[in-house]
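quick one, fold the following:
(chains A and B)
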Amino acid sequence: KQEVTQIPAALSVPEGENLVLNCSFTDSAIYNLQWFRQDPGKGLTSLLLIQSSQREQTSGRLNASLDKSSGRSTLYIAASQPGDSATYLCAASPYTGGFKTIFGAGTRLFVKA
Amino acid sequence: DVKVTQSSRYLVKRTGEKVFLECVQDMDHENMFWYRQDPGLGLRLIYFSYDVKMKEKGDIPEGYSVSREKKERFSLILESASTNQTSMYLCASSFLLQANYGYTFGSGTRLTVV
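Model prediction:
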């Protein structure tokens, strides 16, 4: 059974720092891995999606990598800003179909001005 | 822009009421999902649907039902609301073969049952 773990659960950094959020999964047979951002009391906003055949995706200051063999994905945020403060979740979709996508519990990020 | 719209941001209902949560998507997605999100428990799948009139139970279907009469609309029904159903409810949609595009979520409905 797929398990997705995100460590740390919470992170506080000063503005301008580069940071890495971690996501690990137990079953490497994934279709894709998706990173989301969630602001308090809001829904999830998709940030990046990495297909199983890809190793990384980039969008602006965000870079997500995928290493299926080690069961890991990282979300790199460059030059963090207070507006980046949110909870970041990763989700792994198995080959058996998107119905059993497993979400991590998230990392709560606070960027101090 | 892909849009998944949940009809209410906040709802307060009384115990025993029948509650309808509505979700509409405009991207012709085959799959639609209902999750609930609770502190410490993360996202838990209640029901999903991969086609009109088709539905499948997720991990926590008890106390809920769903309806999908049209492709763009997926409704979650709480037959008799209870206080333990107080939660954030999130609707999502995706293409059937969603490897390239992933999930799109609505903005959520915060339901309080008193």
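
how about the contacts made by residue 29?
Using chain A here. A:94-95 (CB atoms under 8 Å, 6 or more residues apart in numbering or on different chains). (Glycine included, C-beta is placed from N, CA and C.)

not what I meant, chain B
Going by CB under 8 Å, 6+ apart, residue B:29 touches B:71, B:93-95, B:104.

excluding sequence neighbours, find me the nearest residue to it.
Using CB to CB, 6 or more residues apart in numbering or on different chains and skipping residues adjacent in sequence, the residue nearest residue B:29 is residue B:93, 3.9 Å away.

how near is the one you found to chain A?
10 Å (CB to the nearest CB, to the nearest Å).

could I get the pLDDT score of that residue?
Looking at residue B:93, its pLDDT reads 93.

same deal with residue A:27?
89.

tell me the secondary structure for it?
Judged by DSSP: H, G, I helix; E, B strand; the rest coil, the three-state class of residue A:27 is coil.

and it, how many neighbours?
15 (other CB atoms under 10 Å in any protein chain shown).

rewinding a little: need the contact list for the residue nearest to residue B:29.
Counting by CB under 8 Å, 6+ apart, residue B:93 touches B:4, B:23, B:25, B:27, B:29, B:31-33, B:74, B:103-104.

if any of those are buried, put those into a PyMOL selection.
Applied in PyMOL, the following selects the buried portion of the contacts of residue B:93 according to 16 or more other CB atoms under 10 Å in any protein chain shown:
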select buried, chain B and resi 4+23+25+29+31+32+33+74+103+104
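
could you dump the contacts of residue B:93 to a markdown table with pLDDT?
Shown next, in a markdown table, are the contacts of residue B:93 (pLDDT from 0 to 100):
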| residue | pLDDT |
| --- | --- |
| B:4 | 96 |
| B:23 | 97 |
| B:25 | 96 |
| B:27 | 90 |
| B:29 | 91 |
| B:31 | 90 |
| B:32 | 94 |
| B:33 | 95 |
| B:74 | 97 |
| B:103 | 90 |
| B:104 | 92 |
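
show me the residues around the spatially most central residue of chain B that make contact.
Centroid-nearest residue in chain B: residue B:34, 2.7 Å away (criterion: CA atoms, centre = their mean). When contacts are counted by CB under 8 Å, 6+ apart, residue B:34 touches B:21, B:23, B:45-48, B:58, B:64, B:66, B:74, B:76, B:89-91.

tell me the secondary structure for it?
Assignment for residue B:34 (three-state DSSP): strand.

parallel or antiparallel, which strands does whichever strand or helix holds the residue nearest to residue B:29 pair with?
Residue B:93 is part of strand B:87-94 when elements are defined by DSSP states H and E. Strand B:87-94 sits in its sheet next to strand B:31-38 (antiparallel), strand B:104-105 (antiparallel), strand B:109-113 (antiparallel), going by DSSP bridges.
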